[in-house]
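Peer 1: kindly generate the corresponding structure for this input.
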Amino acid sequence: MHFTTTDTNDLLARIERYYDAVPRSAARTEDFGPLTLFVRDGEGWGYYARPTLGWDGPPATAADVERVRARQRELGVPESFEWVAENAPGLREAVEAGGLAVNAHPLMALDPDAPVLPTDPAVRLIGPDAPELAAALAVPRLAFAEPGTGVGAAGRAELVTATAELLTDGTLERVADRMRAGLTVTAAALDADGSALCSGMHQPVDGVTEVVGVGTLPAARRRGLALAVTACLVADARARGASTVFLSAGDEAVARVYARAGFHRVATALIAEPAEEPAATEAG
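Peer 2: Alright, predicted model coming up:
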């Protein structure tokens, strides 16, 4: 099936509520009228500002964006904004007026009638105490550092280094805690010796979940691993009763990979950051 206009409007409203809810498990909010800034509690990756849920006042202006950016600089957090273009059509102009670079990504939702893809025996869910978890979390770091879908240079030696770095920065503990709390689910494709080749996550909240961070070790691309990991995550989301499963693709080539898993483009996700720090989203 394809989504009707009514279906899409309802879907985008659910996604907007999800985007407002999902950071709140690890962040506090600061009110800037038409914009809300999410600020992480404690260590970890930084969050962003986005349109205020339910705001019915004037749309955000360049001055509003600058007020948020000034606060982000004061806090020492990334000057980052994320939103759905169709839900806040005027925000891009306001953001670009301040000199931020805007990156557009296909926003895709799973067709509720999409067939269940066959499982790949090399792909499985990874638990919070699994010895493979650290390497599984390190793989997307290498994938995003070498964007695209073509075979790349980074392989096992680079993965060993990336895994060692990850073990020292607290990421493993933070993600494992989220997994124990049911906030994050991780899947990985493993080689015969247990080495991680591809991984990804989904993050369920109230019947909606987003597939995020799907990345393949660059040297292991072009083997269908990203599709297999995505299929595993979708199967788990459906088993948990998720009625809405969505994701943002890095570009049109990546979107074609997700289309084979039953996803259709429904909107455009926008990420704005300083020009020297472009956003990256990938599957491979």
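Peer 1: in which helix or strand would I find the residue nearest the centre of the chain?
Peer 2: Centroid-nearest residue in the chain, with CA atoms, centre = their mean: V212, separated by 3.4 Å. Using DSSP states H and E, V212 maps to strand 208-216.
Peer 1: poorly predicted segments of the protein, please.
Peer 2: For the chain, the stretches flagged by pLDDT under 70 are 1-6, 277-284.
Peer 1: tell me where the longest helix sits in it.
Peer 2: Longest helix in the chain, counting residues (DSSP state H): helix 5-21.
Peer 1: tell me the angle of that one relative to strand 208-216?
Peer 2: Relative orientation of helix 5-21 versus strand 208-216 (axes from the mean of the first three to the mean of the last three CA atoms, to 10 degrees): 80 degrees.
Peer 1: which SSE is immediately downstream of helix 5-21?
Peer 2: Next along from helix 5-21, by DSSP H and E: strand 27-32.
Peer 1: thinking again about what came up before, give me the contacts around the longest helix of the chain.
Peer 2: 3, 36, 50-51, 53, 82-84, 86-87, 107, 109, 205-206, 208, 210, 244, 246, 266-267 (CB atoms under 8 Å, 6 or more residues apart in numbering). Yep, even glycine has a C-beta here, placed from its N, CA and C like the rest.
Peer 1: kindly recompute the last result at 10 Å.
Peer 2: Residues outside helix 5-21 that contact it (CB atoms under 10 Å, 6 or more residues apart in numbering): 1-4, 29, 36, 38, 48, 50-54, 82-84, 86-88, 107, 109, 112, 203-210, 243-244, 246, 264, 266-267, 269.
Peer 1: buried residues, that helix. List them.
Peer 2: T8, L11, L12, R14, I15, E16, Y18, Y19, D20 (16 or more other CB atoms under 10 Å).
Peer 1: repeat for stretch 267-277
Peer 2: Buried, per 16+ other CB under 10 Å, within stretch 267-277: A267, A269, L270, I271, A272, E273.
Peer 1: adding secondary structure and distance to R24, write those out as JSON lines.
Peer 2: Below are the buried residues of stretch 267-277 laid out as JSON lines (DSSP: H, G, I helix; E, B strand; the rest coil; distance: CB to CB, whole Å):
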{"residue": "A267", "secondary structure": "strand", "distance to R24": "22"}
{"residue": "A269", "secondary structure": "strand", "distance to R24": "19"}
{"residue": "L270", "secondary structure": "strand", "distance to R24": "21"}
{"residue": "I271", "secondary structure": "strand", "distance to R24": "19"}
{"residue": "A272", "secondary structure": "strand", "distance to R24": "21"}
{"residue": "E273", "secondary structure": "strand", "distance to R24": "22"}
